[in-house]
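>>> Starting from these lines, generate the structure:
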Amino acid sequence: MNVLLIYPYFLDRRIDEEDVSAVPMGLYYIGATLRAAGYSTDILNAYNLKDDVQRVEHLLEEKRPDVVGFSILHANRWGGIDIARLAKKVNPEVTVVFGGPGATFLWEHLLTHFPEIDYIVRGEGEYSFMELLQWLETKPEQTPATIKGIAFRQADGPVKTANRPFIEDLDSLPMPADHFTFQHLSLTRGCPSNCTFCGSPALWKRKVRFHGAAYFVGQMAKLREKGVTFFFVSDDTFTLRRELVIDVCRRIIEQNLGITWAAISRVDCVDEEMLGWMRRAGCIQISYGVESGSRVIRDRFQKRIGDEAIIRAFDLTTRTGIMSRAYFIYGAPGESDDTIDESLALIRRIQPLAAIFYILDLFPGTRLYEEYKQRRGVTDDIWLERVEDILYFETDEELSQQAVLNFGRRLRETYFSLLPRFSREIKLSDDPAFIALHAGFLSRLGLTFSHGEYAMNPQVKTSLDVAVTLFERALACHPDHRAFWGLGLVYQQQGQFERSIEVFREGLLHHRDSEELHLALAGSLMRLNRHEEACRHLTDNAPPFTRVIEQIVRLCQFLGEHDKARQWANRI
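Reported below is the predicted structural model:
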């Protein structure tokens, strides 16, 4: 049986796509479980295929799956429905299965109104999906009522089977890295928190299960062998078990994986020692759900954290040399100019080096959504409208669209106007063991101002000046490769080519085999019309990397040395 698992597209573009553009980790676990059971299984990330229906149809015709499974987060449910209809058009006999939190919470609605959906896998899907496939292969007369954790249609309408118990031993699952290549990992499943805007409490029943450190790091190591060097550790709260986190970090260091990674945590679940281990093991960013500077609004969200815990976590994180990122939600019940002022006041105190501002949405499975249904007397059939979500302010007469948009504008404009100051005022620990790591942290942040997202953000002023400050501070700590490269590139952008040459030459004293520094130095020489010197530098000093040879060939051709150009071209 041929199975195709699809992560479908969303209707709307995201301001910050990083968190939603990747295939959910659960789909890789299902794929690995099916492959381990002998099923031919592929995964398609259709996140960017909304406007390329022909490509989707071509892929369906090419792969000819017997079963198509969709990972539905809710906001991408219409993408799933669209592709399911296309799959039925290509092959009317194909079986369509929806899973994920969106399908779990709307199983009855989806089966009632969308005949292209044949089955729903509710909750944790590995074994429910596999047993459903086994049942489909036998084509028995009876219904699959004995399979736990699914839903399907009977003559009198949709029905669901008994809930499937949670998998207690996560390490018993086949390792997805044996079958697929990806960047998102998870150490845990579930979250103990009870936030009213989140579907996790209803999905995971506030129960948390853990992989062992050996399984988690083993998966990292296998992906590292495939060339993956950066990971998103996407647990709701990675740091719930302190000793487990430290064990993970020790293993990463002992195995010398040479990776970097980002994680998500709670401000009351970190301490200085744990953060130190995380930094040494390659962690470069931690995201914290702050949500609001207003204690009243945090209480309405059931976000049981205080200002002092927030301030402490951000201070410790930054001092350790990890970028602290804050999640804020606006447009909440009771939101006002005063509560936005409280959020901005907290931002000034915690000085996050990255921030994401979300408008409050209502999603099935959340307490806020259930309260909305009761308050308005509506049913899940509101989702028959072709929309991704319902914005909370649309259900609250005390909030207007213009007011909420202004809240978001104030938060973003104020934060990005303050960011240069936050970056200049970074306080780092004076532990000698972290000096080189601090240099790496500062230079990485510097690149976001010189060539990354802050360089492209018009709300961030004096971005190049900030970048120079960060690069110079990094080099005062340690002869960091990235800092030499970034600082020299800034001087190039500013037309200060002689200064850039000085920086690149100094960098090469410490990093003589750096392809980037050699090429950048040659680039500055060329901008000064010193092409012969650039060619001589590369031929005499630079390692024979492909890009270096290609630049030598171009320089020889420019200088009219065509025989020499052909000789170098033959080395590629």
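>>> alpha carbons only for contacts and neighbour counts from here, please
OK.
>>> Now do Leu405: how many residues are near it, please.
Counted with other Cα atoms under 10 Å, residues neighbouring Leu405 total 13.
>>> ah, wrong one, I meant Glu93
Neighbour count for Glu93, taken as other Cα under 10 Å: 12.
>>> Could you do the one 5 residues further on as well?
For Phe98, the tally of surrounding residues (other Cα under 10 Å) stands at 31.
>>> Is it in contact with Tyr119, as I believe?
Yes. Phe98 sits in contact with Tyr119 when judged by Cα atoms under 8 Å, with a separation of 6.4 Å.
>>> any idea which residue sits dead centre in this protein?
Nearest to the geometric centre of the chain sits Asp19, at 3.7 Å (Cα atoms, centre = their mean).
>>> okay, that residue: pLDDT?
Looking at Asp19, its pLDDT is 70.
>>> If you average the pLDDT over stretch 201-220, what comes out?
Stretch 201-220 shows a mean pLDDT of 97.
>>> Quick check: phi and psi on Lys88?
The phi/psi pair for Lys88 (degrees, to the nearest 10) reads phi -70, psi -30.
>>> Share the number of residues neighbouring it, please.
17.
>>> Check the one 4 residues further on too.
Counted with other Cα under 10 Å, residues neighbouring Pro92 total 11.
>>> And the one 5 residues further on, by the same measure?
Around Val97 sit 25 other residues, with neighbours defined as other Cα under 10 Å.
>>> residues contacting Thr161?
Taking Cα atoms under 8 Å, 6 or more residues apart in numbering, we find Thr161 in contact with 145-151.
>>> how about 6 Å then?
145, 148-150 (Cα atoms under 6 Å, 6 or more residues apart in numbering).
>>> How about Arg206?
By Cα under 6 Å, 6+ apart, Arg206 lies in contact with 191-192.
>>> So it lies in a helix, does it not?
No. The assignment for Arg206, made by DSSP: H, G, I helix; E, B strand; the rest coil, is coil rather than a helix.
>>> which residues of the stretch 351-500 of the chain fall in helices?
367-376, 401-424, 435-450, 463-477, 481-493, 497-510 (DSSP state H, counting those that start in this stretch).
>>> can you redo the ones you listed as CSV with distance to Val94 and mean pLDDT?
Below are the helices of the stretch 351-500 of the chain laid out as CSV (distance: least, Cα to Cα, whole Å; pLDDT from 0 to 100):
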stretch, distance to Val94, mean pLDDT
helix 367-376, 34, 96
helix 401-424, 43, 98
helix 435-450, 46, 98
helix 463-477, 53, 97
helix 481-493, 51, 98
helix 497-510, 59, 98
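>>> I'd like to know which of the ones you listed is closest to Val217.
Proximity to Val217 (Cα to Cα) singles out helix 435-450 among the helices of the stretch 351-500 of the chain, at 21.3 Å.
>>> Could you tell me how many residues sit around Ile552?
As a burial measure, Ile552 scores 25 neighbours (other Cα under 10 Å).
>>> For it, which non-adjacent residue is closest in space?
Cys535 (6.0 Å; Cα to Cα, 6 or more residues apart in numbering).
>>> and what of Glu550?
The spatially closest residue to Glu550, leaving aside those adjacent along the chain, is Ala569, at 7.1 Å (Cα to Cα, 6+ apart).
>>> Please report the number of neighbouring residues for the one you found.
Ala569 is flanked by 16 other residues according to other Cα under 10 Å.
>>> repeat for Ile253
Using other Cα under 10 Å, Ile253 has 17 neighbouring residues.
>>> The one 10 residues further on too?
Taking other Cα under 10 Å as the neighbour definition, Ala263 ends up with a count of 22.
>>> That one belongs to a strand?
Yes. According to three-state DSSP, the state of Ala263 is that of a strand.
>>> start the count at 48, not 1, going forward
Understood, numbering begins at 48; the last thing we discussed is Ala310.
>>> sorry, back to before: just send the helices of the stretch 398-547 of the chain back as TSV, with distance to Glu338 too.
Listed next are those as TSV, based on distance: least, Cα to Cα, whole Å:
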stretch	distance to Glu338
helix 414-423	15
helix 448-471	12
helix 482-497	24
helix 510-524	27
helix 528-540	33
helix 544-557	42
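>>> Looking at these, spot the one closest to Gln230.
Closest approach to Gln230 among the helices of the stretch 398-547 of the chain (Cα to Cα): helix 482-497, 19.4 Å.
>>> Pull that closest one out as CSV, backbone CA atoms only.
The C-alpha trace of helix 482-497 is given here as CSV (Å, rounded to 0.1, in the frame of the first residue of the first chain):
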residue,chain,number,x,y,z
ILE,A,482,34.3,34.3,26.2
ALA,A,483,34.5,32.6,22.8
LEU,A,484,30.8,31.7,23.0
HIS,A,485,29.9,35.3,23.8
ALA,A,486,31.9,36.4,20.7
GLY,A,487,29.8,34.0,18.6
PHE,A,488,26.6,35.3,20.2
LEU,A,489,27.5,38.9,19.5
SER,A,490,28.6,38.3,15.9
ARG,A,491,25.5,36.2,15.1
LEU,A,492,23.3,39.0,16.4
GLY,A,493,25.4,41.5,14.5
LEU,A,494,24.7,39.7,11.2
THR,A,495,20.9,40.1,11.8
PHE,A,496,21.5,43.9,11.8
SER,A,497,23.9,43.9,8.8
